[in-house]
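> Predicted model and sequence follow; I will ask about them next.
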Amino acid sequence: MKFGFVDEHRQVWPVRVMCAVLGLSASGYYAWRGRPESQRSVANRELTEDIRLIHAESSGCYGSPRVHATLRRHGRRVGRSRVERL
């Protein structure tokens, strides 16, 4: 998360200054930035989109148990705790 903050604000403040203030290494930031996105991260992003769509279609009424049940009905194998977290 901290590297994400640095990445979002790198046009405003120098990376080295932000890293020093946040107690991070600049080399760690650049290593993080160069890594490809993990499979789990991609899957979480896609699942979050589905969760938001189901929640919006229910006019904001569905909580995590109903969203989880809807995902299962649509063939998505996912745990309820993961739906809650996302």
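Received, thanks.
> which residues touch Ala20?
Neighbour list for Ala20: empty [criterion: CB atoms under 8 Å, 6 or more residues apart in numbering]. In this view, the C-beta of every residue, glycine as well, is placed from N, C-alpha and C.
> Then Arg33?
3, 7.
> If you count neighbours, what's buried in the helix or strand harbouring it?
For Arg33, the element it lies in under DSSP states H and E is helix 26-34. By neighbour count on 16 or more other CB atoms under 10 Å, the buried set for helix 26-34 is Tyr29.
> which helices and strands sit right next to whichever helix or strand comes after that helix?
Sequence-wise, the next helix or strand downstream of helix 26-34 (DSSP H and E) is helix 39-57. Packing partners of helix 39-57 (3 or more CB pairs under 8 Å, 6 or more residues apart in numbering; DSSP states H and E): helix 64-73, helix 80-85.
> Can you classify the closest residue to Ser25 other than its chain neighbours as helix, strand or coil?
Counting by CB to CB, 6 or more residues apart in numbering, Ser25 lies nearest to Cys19, which is 6.3 Å off, once chain neighbours are set aside. Recorded secondary structure, Cys19: helix (DSSP: H, G, I helix; E, B strand; the rest coil).
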